[in-house]
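Engineer: show me the folded form of this:
(chains A, B, C, D, E and F)
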Number of protein chains: 4
Amino acid sequence: MFIKIDLTSDVPIYVQIKNAIIEGIARGELKEGDSLPPIRQLAEDIGVNMHTINKAYNLLKDLGFITINKKYGAVIQVEGFNGAFMESLKEELRPIITEAFVKGMDRDAFIKLVEGIYDDFGGRRNE
Amino acid sequence: MFIKIDLTSDVPIYVQIKNAIIEGIARGELKEGDSLPPIRQLAEDIGVNMHTINKAYNLLKDLGFITINKKYGAVIQVEGFNGAFMESLKEELRPIITEAFVKGMDRDAFIKLVEGIYDDFGGRRNE
Amino acid sequence: MFIKIDLTSDVPIYVQIKNAIIEGIARGELKEGDSLPPIRQLAEDIGVNMHTINKAYNLLKDLGFITINKKYGAVIQVEGFNGAFMESLKEELRPIITEAFVKGMDRDAFIKLVEGIYDDFGGRRNE
Amino acid sequence: MFIKIDLTSDVPIYVQIKNAIIEGIARGELKEGDSLPPIRQLAEDIGVNMHTINKAYNLLKDLGFITINKKYGAVIQVEGFNGAFMESLKEELRPIITEAFVKGMDRDAFIKLVEGIYDDFGGRRNE
DNA sequence: GTGGTCTAGACCACA
DNA sequence: GTGGTCTAGACCACG
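Structural biologist: This next block holds a predicted model:
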């Protein structure tokens, strides 16, 4: 698994790592039951501190994408979406859509954009 | 114009203000050519520091929603979307969509969510 | 507010701090709306590292006892209990009660113990 | 005896095993004088390391639920509760009750919860 | 002046 | 060998 960090980004490193791992699941490179690398190893691999990886893993745990135990480390195990997730999704989405709308981007153009991203994960099923 | 700030949110206040103003444009409460309130006044109205309002206005300017000049202050003037905007939109959208996909939300369900938000601004045109 | 840490305890320091603060609320020394000390100040006061306090505050936030914002820092704001809380409460309680039962402590004796602790917070209301 | 381990729980495995055995006594499935399975066998049965079982058995011994000798292995022999037990019980219970109280759960509701758990072991006596 | 992020490096509990 | 905790000390974003 290859994670590329942009140190100049204003997105915190641990969030970038979180996103990269979820992206890895979406792409099918990481499957349910797979173990993520040990925090210290991944830290060395991508050249950041152990604590930063730790924070990313714990965030993934809180978001329901992995479980953590001392035997197998961090293991992919995705909780399905629920009402709370839908709510937070909507709240994240709303200001983005509003900006696009105000800038004159119509609904169909926006949906096309969404479809384009979805198609990247196209044939895959997450089970 | 009524802006409600949620101090408990982890969205920075100046971003909340920015979002509220764009939302105001989307809802038709603010139109091209309208002036935003003077910084001091808005700061007092919603009970935050002038500095914070200033930051929000500057962000709106950078995003192409207003112009700022000494004479008229902050005036709504929306730049249409361009390639750079599309790129940043995609970058914002991607991790959100990826999470939804991995959690088992399919494309159509996501699109329905998008449509729901778009419909809030329904019949309006921004000109 | 006075927090006493037992460095020899196997309860992590940040958990001890969390417990002490909840205890402070229960005793009425901390009320809704009160700000907790800034993390660095409390860290110095009780002689632990800033990060340990930070962890305690974030845990309290996750548990629904405080909110955190940059303006007022950590502010007491208690979420009422819900189903999820009841479940975790039951799971915590079960092994404790089971031990007591097996050791021959009957229901009434156990309840008396509970009442004794409740009475420490007796006349108070948390609103 | 059937012990189910939850690797995703943050309760250590050896504590889960300890709890399960005490629960077995409470339910009457294990009685005074009964032998627990040999360490190796139980380790194999539930798929954990011998070391972990050993730790659980030693904990049970320290808590006064079993005796361990070379001839008969681990044998259920429950010490009645004493002052020290009461003290540790109180210390465990206090933060749990405090959280419940602060979240607005009143004494009677809490006691009802306790009674519900006690009733699971209802008509039984441990002798 | 507040919390948030990150680093470097140590020790410990659990498996 | 795994994650968890803790420390000391730095820099940054937000208000």
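Engineer: which helix of chain A spans the most residues?
Structural biologist: helix A:83-102 (DSSP state H).
Engineer: for A:Ile46, see how far away A:Phe2 is.
Structural biologist: According to CB to CB, to the nearest Å, A:Phe2 stands 9 Å off from A:Ile46. For glycine as for every other residue, the C-beta is placed from the backbone atoms N, C-alpha and C.
Engineer: which one of the two has more residues nearby?
Structural biologist: A:Ile46 (19 against 8; other CB atoms under 10 Å in any protein chain shown).
Engineer: how about that one: what's its closest non-neighbour residue?
Structural biologist: Closest residue to A:Ile46 apart from its sequence neighbours, by CB to CB, 6 or more residues apart in numbering or on different chains: A:Ile3 at 5.2 Å.
Engineer: report pLDDT for that neighbour.
Structural biologist: pLDDT, A:Ile3: 92.
Engineer: and if you look at the one 3 residues further on?
Structural biologist: Per-residue confidence at A:Asp6 stands at 96 (pLDDT).
Engineer: could you chop chain A up by domain?
Structural biologist: Taking automatic domain parsing as the criterion, chain A consists of the domains A:13-76, A:83-120.
Engineer: the first one near DNA strand F at all?
Structural biologist: Yes - Domain A:13-76 comes into contact with DNA strand F (CB under 7 Å from any atom of the strand), by way of A:36, A:38-41, A:50-51, A:54, A:57-58, A:68, A:70, A:73-74.
Engineer: got the residues of chain A near chain D?
Structural biologist: A:67, A:69, A:71-72, A:77 (CB under 8 Å from any CB of the partner chain).
Engineer: take the residues you listed and keep only those in helices.
Structural biologist: Counting by DSSP H, no part of the residues of chain A next to chain D is found in helices.
Engineer: which among the residues you listed count as buried?
Structural biologist: Neighbour-count burial (16 or more other CB atoms under 10 Å in any protein chain shown) is assigned, among the residues of chain A next to chain D, to A:Thr67.
Engineer: isn't A:Ala43 up against A:Ala56?
Structural biologist: No - at 10.0 Å, A:Ala43 does not count as touching A:Ala56 under the criterion of CB atoms under 8 Å.
Engineer: of the two, who's got more company?
Structural biologist: Counted by other CB under 10 Å, A:Ala43 and A:Ala56 do not tie: A:Ala56 has more neighbours, with 27 against 19.
Engineer: what residue in chain A comes nearest to chain D?
Structural biologist: Chain A approaches chain D most closely through A:Thr67 (4.1 Å), counting by CB to the nearest CB.
Engineer: hang on, that residue packs against A:Val78?
Structural biologist: No - contact criterion CB under 8 Å: A:Thr67 and A:Val78 do not qualify, at 10.1 Å.
Engineer: tally of neighbours for A:Asp106?
Structural biologist: A:Asp106 has 11 nearby residues by other CB under 10 Å.
Engineer: what pLDDT does it get?
Structural biologist: So, for A:Asp106, pLDDT stands at 93.
Engineer: on that earlier part again, got JSON lines for the residues of domain A:13-76 next to DNA strand F, with pLDDT and secondary structure too?
Structural biologist: Shown next, in JSON lines, are the residues of domain A:13-76 next to DNA strand F (pLDDT from 0 to 100; DSSP: H, G, I helix; E, B strand; the rest coil):
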{"residue": "A:Leu36", "pLDDT": "98", "secondary structure": "coil"}
{"residue": "A:Pro38", "pLDDT": "97", "secondary structure": "coil"}
{"residue": "A:Ile39", "pLDDT": "98", "secondary structure": "helix"}
{"residue": "A:Arg40", "pLDDT": "97", "secondary structure": "helix"}
{"residue": "A:Gln41", "pLDDT": "97", "secondary structure": "helix"}
{"residue": "A:Met50", "pLDDT": "98", "secondary structure": "helix"}
{"residue": "A:His51", "pLDDT": "98", "secondary structure": "helix"}
{"residue": "A:Asn54", "pLDDT": "98", "secondary structure": "helix"}
{"residue": "A:Tyr57", "pLDDT": "98", "secondary structure": "helix"}
{"residue": "A:Asn58", "pLDDT": "98", "secondary structure": "helix"}
{"residue": "A:Ile68", "pLDDT": "98", "secondary structure": "strand"}
{"residue": "A:Lys70", "pLDDT": "94", "secondary structure": "coil"}
{"residue": "A:Gly73", "pLDDT": "97", "secondary structure": "strand"}
{"residue": "A:Ala74", "pLDDT": "98", "secondary structure": "strand"}
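Engineer: and chain B, is the helix or strand hosting A:Tyr14 touching that?
Structural biologist: Assigning secondary structure by DSSP states H and E places A:Tyr14 in helix A:13-26. Yes - using CB under 8 Å from any CB, helix A:13-26 reaches chain B at A:19, A:22-23, A:25-26.
Engineer: buried residues in that helix, which are they?
Structural biologist: Buried-residue list, helix A:13-26, by 16+ other CB under 10 Å: A:13-14, A:16-26.
Engineer: of the residues you listed, closest to C:Leu30?
Structural biologist: A:Tyr14 (30.7 Å; CB to CB).
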